[in-house]
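Novice: Sequence plus predicted model, see below.
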Amino acid sequence: MNTHLNNDWPELPVNNISTLAGKVSRCLLWPVLLVSLLPGQLFAQAFSYARAYPGVNYASAPLTDPVTQLMADIDSGKVSLVFDAQGRGYLDSLLEALDIDASSQALVFSKTALKTRFVTAATPRAFYFNDDTYVAFTQNSRSLEIATMDPNLGPVFMVFSQDPQGPAVEREMNRCLRCHDSYSMTGGGVPRFLLSSVLANENGEIVTHEVSIITDTSTPLNRRWGGFYVTGTHGSQEIMGNFVIDDLGKLRNMDLAATGNKTDLSEFMDTSPYISSGSDIVALLVLEHQVEVQNKLSRLNFESRTRIHQQGDISDNELEEFVSPLVESLFMLHEVPLIDAVAGTSGFAEHFQSLGPLDSEGRSLRELDLKKRTFKYPLSYLIYSDAINALPEKAKKILYQKIRLVLAGETGDDIFGKVSATDRAAITAILRDTKPEILQP
């Protein structure tokens, strides 16, 4: 469950702040205080999915994600990666092979990587993403971190070796899943991607957990992106990006306006070791939406596959419990409105919108608004994703049925009334040309 603070800043314990170096999680996207576990216990916990979700076979089913497919092509000689011995190793070549654009770069200076000792405010970790895969690069590390959305298994986590003799990938079943699990692997949780906002110092260490929150599209902007660098303009809206606690006095008077609306990062760090010079706010807005939808989708996938495996079928009422939250996120019903225009710096907006698909009038679900909300048409581009296509047929049928009811204005649920008649008509027309099966009963 995501926990958010109210709209007032809490009183921070500035007199007894202790850094938590070495105790924060070493996962791709989220910091959290860990409880130490013995290796044997961790190994056993990894198979809680086998007990809770026997129909999914998370640990043993063949992987069909883009990274696994790429490694198979590398092994067969169809694809080769280029190693840069003087810089980022395989990173540039890997991103090209996975079709991940460098404009998606986000820079994170909180210690949330596997190799935490290399991450500081001066040497942040960079990660890059497309619709299904996230790749993280840390300076001086001998590995890259990867998280990818397997169509059948949901979030899968990997370590990619930066060995100049040849690339290799190892799947992570323990360290990453200590945090990237919705119930901390106590049973009943599913793998998930995570974004959070923290207050970190110049060493990347979290200085207080009073303001550490998991974020999604419902999180106010002035609570987002703590521990991140952020480039771009956002007008009068405050964000936590670029706010480095190099003086404890900053906790008493958090002047977020002073660190916002930055179009370059030269006052904070040297960006030359990275592919891009930015950490684009538009990319971060899209990322927030994407992670939220993928997590709801993973829950539906795990629950439906398990109940079909156990019962031979799953009822419409059972599916409704997991379909409705996903549909709400697909239609972006909980997104906090923008109160000022947002613009990025890296070209991500242009790249993202170019990907389509387009309807006969040139419209796309990837079109951005960036004035009052992130997207122009409030239905997620992830409706085209392999993960939705791979859902069990019964789950996909109920999902599409629910979407049709929303578009017809016939759900009987007030929350879906937020989707205007104009938006419903435009989305229906776009789907008719780009994914007509959704509209067919």
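Specialist: All right, it came through fine.
Novice: Was I right to think residue 224 contacts residue 238?
Specialist: No: contact criterion CB atoms under 8 Å: residue 224 and residue 238 do not qualify, at 9.9 Å. Glycine gets a C-beta too; all of them are placed from N, C-alpha and C.
Novice: out of the two, which sits in the more crowded spot?
Specialist: residue 224 (25 against 21; other CB atoms under 10 Å).
Novice: could you measure residue 181 against residue 431, distance?
Specialist: As judged by CB to CB, to the nearest Å, residue 181 and residue 431 stand 33 Å apart.
Novice: Nearest residue to residue 154 in space, please, no chain neighbours.
Specialist: Once flanking residues are discounted, residue 154 sits nearest to residue 298: 3.6 Å by CB to CB, 6 or more residues apart in numbering.
Novice: Look up phi and psi at the one you found.
Specialist: The phi and psi values for residue 298, taken as degrees, to the nearest 10, are phi -60, psi -40.
Novice: Residue 285: what's it in contact with?
Specialist: Listed by CB atoms under 8 Å, 6 or more residues apart in numbering, the contact set of residue 285 reads 342, 370, 374.
Novice: Return the subset of the residues you listed lying in helices.
Specialist: Applying DSSP state H to the contacts of residue 285, no entry is found in helices.
Novice: Make a ChimeraX selection of the buried ones in those residues.
Specialist: To isolate the buried ones among these in ChimeraX, judged by 16 or more other CB atoms under 10 Å, type:
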select :342,370,374
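Novice: Looking at the contacts of residue 285, which one is closest to residue 159?
Specialist: Distance to residue 159, by CB to CB, is smallest for residue 374 among those, at 31.6 Å.
Novice: List the contacts of the residue sitting nearest the centre point of the chain.
Specialist: With distances taken as CA atoms, centre = their mean, residue 291 lies nearest the centre of the chain, 3.5 Å away. Going by CB under 8 Å, 6+ apart, residue 291 touches 29, 193-195, 216.
Novice: List the buried residues for the helix or strand harbouring it?
Specialist: Using DSSP states H and E, residue 291 falls within helix 281-311. Using 16+ other CB under 10 Å as the test for burial, helix 281-311 gives 281-308.
Novice: do the same with stretch 214-223
Specialist: Applying 16+ other CB under 10 Å to stretch 214-223 flags 214-217, 219, 221-223 as buried.
Novice: same deal with stretch 329-344?
Specialist: Result for stretch 329-344 [16+ other CB under 10 Å]: buried residues 329-333, 335-336, 338, 342, 344.
Novice: all strands in the stretch 151-300 of the chain, in order from the N-terminus.
Specialist: Here the stretch 151-300 of the chain has its strands, by DSSP state E, counting those that start in this stretch, at 154-161, 168-172, 196-201, 206-214, 228-229, 244-245.
Novice: Out of the ones you listed, flag the one nearest residue 78.
Specialist: Of all the strands of the stretch 151-300 of the chain, strand 168-172 sits nearest to residue 78, with 16.1 Å by CB to CB.
Novice: relative to strand 154-161, how tilted is that closest one?
Specialist: If you take axes from the mean of the first three to the mean of the last three CA atoms, to 10 degrees, strand 168-172 sits at 140 degrees to strand 154-161.
Novice: OK, contacts around the residue nearest to residue 154?
Specialist: Applying CB under 8 Å, 6+ apart, we find residue 298 in contact with 154-155, 190-192, 387.
Novice: how many neighbours does the residue lying closest to residue 269 once chain neighbours are set aside have?
Specialist: Distance criterion CB to CB, 6+ apart; nearest residue to residue 269, sequence neighbours excluded, is residue 122 at 5.3 Å. By other CB under 10 Å, the residues close to residue 122 number 14.
Novice: With residue 321 instead?
Specialist: 11.
Novice: Quick check: it vs residue 303, distance?
Specialist: 8 Å.
Novice: Kindly report the same for residue 57.
Specialist: Residue 57 is 15 Å from residue 303, by CB to CB.
Novice: Repeat that for residue 118.
Specialist: From residue 118 over to residue 303 the distance is 38 Å, taken as CB to CB.
Novice: Tell me which stretches of the stretch 51-200 of the chain form helices.
Specialist: With helices called from DSSP state H, counting those that start in this stretch, the stretch 51-200 of the chain shows them at 66-76, 91-98.
Novice: How far off centre is the first one?
Specialist: Read that as helix 66-76. Offset of helix 66-76 from its chain centre (CA atoms, centre = their mean, to the nearest Å): 23 Å.
Novice: For that helix, give the mean pLDDT please.
Specialist: Average pLDDT, helix 66-76: 97.
Novice: What confidence value was assigned to the residue nearest to residue 120 when sequence neighbours are not counted?
Specialist: Spatial nearest neighbour of residue 120, excluding adjacent residues (CB to CB, 6+ apart): residue 204 at 4.8 Å. What the model reports for residue 204 is a pLDDT of 93.
Novice: what's the answer for residue 107, then?
Specialist: Looking at residue 107, its pLDDT is 98.
Novice: ok so, going back, out of the contacts of residue 291, which is nearest to residue 437?
Specialist: If you rank the contacts of residue 291 by distance to residue 437 using CB to CB, residue 193 comes first, at 26.7 Å.
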